[in-house]
Each structure stands twice: as structure tokens, then as C-alpha cells.
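Enquirer: Structure, please.
(chains A and B)
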Number of protein chains: 2
Amino acid sequence: MEFSSKLLENAVNEMSQLPGIGKRTALRLVLHLLRQPKEQSFLLAGALQKVREEINFCKSCHNISDQELCEICTNPLRKKELICVVEDIRDVMAIESTGSFRGLYHVLGGKISPMDGIGPQDLNIESLVAKAKSGKIEELIFAMSPTMEGDTTNFYIFKQLQDFNIATSTIARGIAAGNELEYADEITLGRSIIDRVPFEASLKL
Amino acid sequence: MEFSSKLLENAVNEMSQLPGIGKRTALRLVLHLLRQPKEQSFLLAGALQKVREEINFCKSCHNISDQELCEICTNPLRKKELICVVEDIRDVMAIESTGSFRGLYHVLGGKISPMDGIGPQDLNIESLVAKAKSGKIEELIFAMSPTMEGDTTNFYIFKQLQDFNIATSTIARGIAAGNELEYADEITLGRSIIDRVPFEASLKL
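Expert: Below you'll find the model as predicted:
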């Protein structure tokens, strides 16, 4: 791609560093910004600069936060002895939006994935074990995605915590609401039968 | 979507103003930047700010340029009496990459589209007519996309230029290289037969 302007080329190159954004899309986005009032580009540039410069991670749960401790960790109404282990902040947002969890989180920042060169030392596992050692955790819920990497991560942490007296659970696997039974894979369908729930309990949410 | 950080929320909101980028994609992009070295975000923010602040449009052809006149307009090897009319700078880049056009361009900056509220006065048509009046143009090639709006724009400009002694042409419509004949629409296939080319001429590019 040949550009008639160095400034444009530079902006397109930087934009196309983002995941899933190729050169053509980057060019479309930058040209869009050029057609908009200057303020829009300045606000975007300013917000990106500021978020990278000033972002904090909660000292306790590693969630993104503007303070040292995030709003969830400092909320006195939440059960501090119940911890939900998630992969990243998007999972925190997803679970929070259900409104059905009132404990705290622990954000690992990824999952163990030898293929991508990510080992246990790259994740926030040490601080989780330290929390467990302190004896303040009663139950740990593994809420990783049900993939090979998620299962590996769960199992690794489970092994680390075996010596402490902590109840562990994983979120239920089963048929998603609205899905057709016939299209479910056999592992999911099999688990959903093994882990069946008393009908009366299934009526509550 | 509820965010645990105002800075993050702000960045995601600004990012999702871009066309085709929703809140979820914006969040994914911003989280990606947060995992990268700080420099990447700063370079992106700086490039976006700078391109919007300092970008120039060529005084003659309205192409994006870092100088008053773009490199194409100032190139002494290009035929100044042959003008190719295009919708936007991406079309200039596309035609330039073929290497088969040695004249100048005129970038309209859009196409006449009553549905989107874009009329002739919103495009760089006046300056094209002024160029035509000056008597320096011999031939004008319409290279708009073959859509309803493109055809309308071509016809509007054609009408404006009728009084001047200028040859006009449009880029050929026909079957694209590598396409199967049976899947071509009838208008394109029909035109490709009417506008057939002597076989010997078709061997050259």
C-alpha cells in the first residue's frame, strides 16, 4: 500500500497493530476520523494515552481499577470468604451483569497455555495461593472457559490448594438457555445429565 | 456494560465511536493495549492526534497530502491534461497500485447520494468545473464505483462539463479477472459483450 502522506501512513500503521485490524480497515478508520470534527480524534487519542498511563490494577483481585483496591473488593456487602477465579476482566463484567454472585473475584490475567508460551508463573496464581494460606477463603469457584487451557489452569490451581481446607467448585456445564438439545455436543449433554438438578431448584434464579 | 474503571470506560466509549467497532470489540482492543508496552498506546495516540491536526489536502486534486500540492500533482512526468475523477483517496491508491494510469486525479470526497443527504455542493465538483473552464483538460475519466450513486455523480458532472470541449470516458465494466462467467450479473455480462475488445488488444497490459 502506497500512501500520499507520511502522517496518514503512520496513523494507519499504528492502528493496524491492533488485533483483528488489518491495513485496509485501519485506513478506513483513519479516513473516517479525518472526516469527523477534530475533537473526536483528540478525545480518542487522549483517552487511549490516559488509560495506558494511569490504569491501576486492584492490589487484591487484579481487576482493573482507578484506586488501589477495586469497588468490588472494598464493598462491605460482599462475602470476602467466597472467591470466584476468572481469566480476565471481561469475565468479571459478564458475571457481574448476571447479578447472581456476591463474593469477590480473583483475576488470573490469562490461562495456562503451553502453545502460547504462557505458564503458571505468568499468571496471578501466587497471590491466590497466598490468600488461601492466610485462611480467609472458604470456597473457591473456578469460572474459566470450559476449554483445554481453562481445565488445565483449574487443575493446576486445584493442586496448589489441596493442603488448605478450601471447598472448590466449578461453574455448571450444561445446555445453554435457548439452545436446541439435538445440536449440543455429547460431552456437554452427558454432563448435563450427570449434574441434573432437582426440578424445583431449577425454577429459581 | 458496567466498568470497574472510569478511564477504561472512557477509552472504550471513544473507541466504539469508530465505524464497525462496537462496545465489545472496543473493550477487546483497549484491553489488548493495556497488555502491551506503554509505548504502543502512546505511539497510536500520538499518530491519531498528529494526523488529524496536521493533515493537508492537495489544493489541486484534493488528495491527502503533507504539502500544499500532492506528489502526483507535482510530478513533471504525469500528463496534466488527463484527469481521473474518483470518489476518495482509497481509489487513488487502488489505481496507483495498478501502475497503468499516468495522468492526474480529482478526488470528489464522496458521491451524490440524496438518501444520505449528500448533494453536489458537498463534493469537490466546483473546483473540477473551474479546472475544465481553464481549458487545460483534454480528457476526463470517470472512475466511480458502478453503483446508482456513482452513475448519478458521473452524469451530474458530465452535464456540467458539456459546454467545454473535453473528451469523457468511464472505466470499462466487464467480467473481473478470475471470475466465473456463469455467476456474472446480466448487466455486467451484457456490457462486456457490447464493449468487446479486439483480441490482439486484450493481450497487452
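
Enquirer: From now on I want contacts and neighbour counts done on CA atoms only, so please keep to that.
Expert: Fine.

Enquirer: buried set for stretch A:70-78?
Expert: A:C70, A:E71, A:I72, A:C73 (16 or more other C-alpha atoms under 10 Å in any protein chain shown).

Enquirer: And for the second one, nearest residue in space, chain neighbours not counted?
Expert: To tie it back to what came earlier, the one meant is A:E71. B:S4 (7.0 Å; C-alpha to C-alpha, 6 or more residues apart in numbering or on different chains).

Enquirer: What is the longest strand of chain A by residue count?
Expert: For chain A, the strand with the greatest residue count under DSSP state E is strand A:79-86.

Enquirer: How many neighbouring residues does the closest residue to A:P120 other than its chain neighbours have?
Expert: Excluding its sequence neighbours, the residue lying closest to A:P120 (C-alpha to C-alpha, 6+ apart) is A:I112, at 5.9 Å. A:I112 sits with 23 neighbouring residues when counted by other C-alpha atoms under 10 Å in any protein chain shown.

Enquirer: before we move on, what SS does A:N13 have?
Expert: A:N13 carries the three-state label helix when classified by DSSP: H, G, I helix; E, B strand; the rest coil.

Enquirer: which element is the residue in chain A positioned nearest to chain B on?
Expert: Nearest to chain B, among the residues of chain A, is A:A45, at 4.2 Å (C-alpha to the nearest C-alpha). Assigned by DSSP states H and E, A:A45 belongs to helix A:38-54.

Enquirer: Now that helix: buried residues?
Expert: A:40-52.

Enquirer: how about the nearest residue to A:I137 once chain neighbours are set aside, what does it touch?
Expert: Among residues not flanking A:I137 along the chain, A:E81 sits closest, at 4.4 Å (C-alpha to C-alpha, 6+ apart). The contact partners of A:E81, taken as C-alpha atoms under 8 Å, 6 or more residues apart in numbering or on different chains, are A:G103, A:L104, A:K136, A:I137, A:E138, A:E139.

Enquirer: that older thread, isn't the residue nearest to A:P120 right next to A:M148, touching?
Expert: No. A:I112 lies out of contact with A:M148 (C-alpha atoms under 8 Å); the separation is 9.4 Å.

Enquirer: Do you have the strands of chain A handy? List them.
Expert: Going by DSSP E, chain A shows strands at A:56-57, A:64-65, A:79-86, A:103-107, A:139-142, A:167-170.

Enquirer: B:K23 is nearest to which of those?
Expert: Among the strands of chain A, the nearest to B:K23 by C-alpha to C-alpha is strand A:64-65 (17.0 Å).

Enquirer: Give me the sheet partners of the closest one and which way each runs.
Expert: strand A:56-57 (antiparallel) (DSSP bridges).
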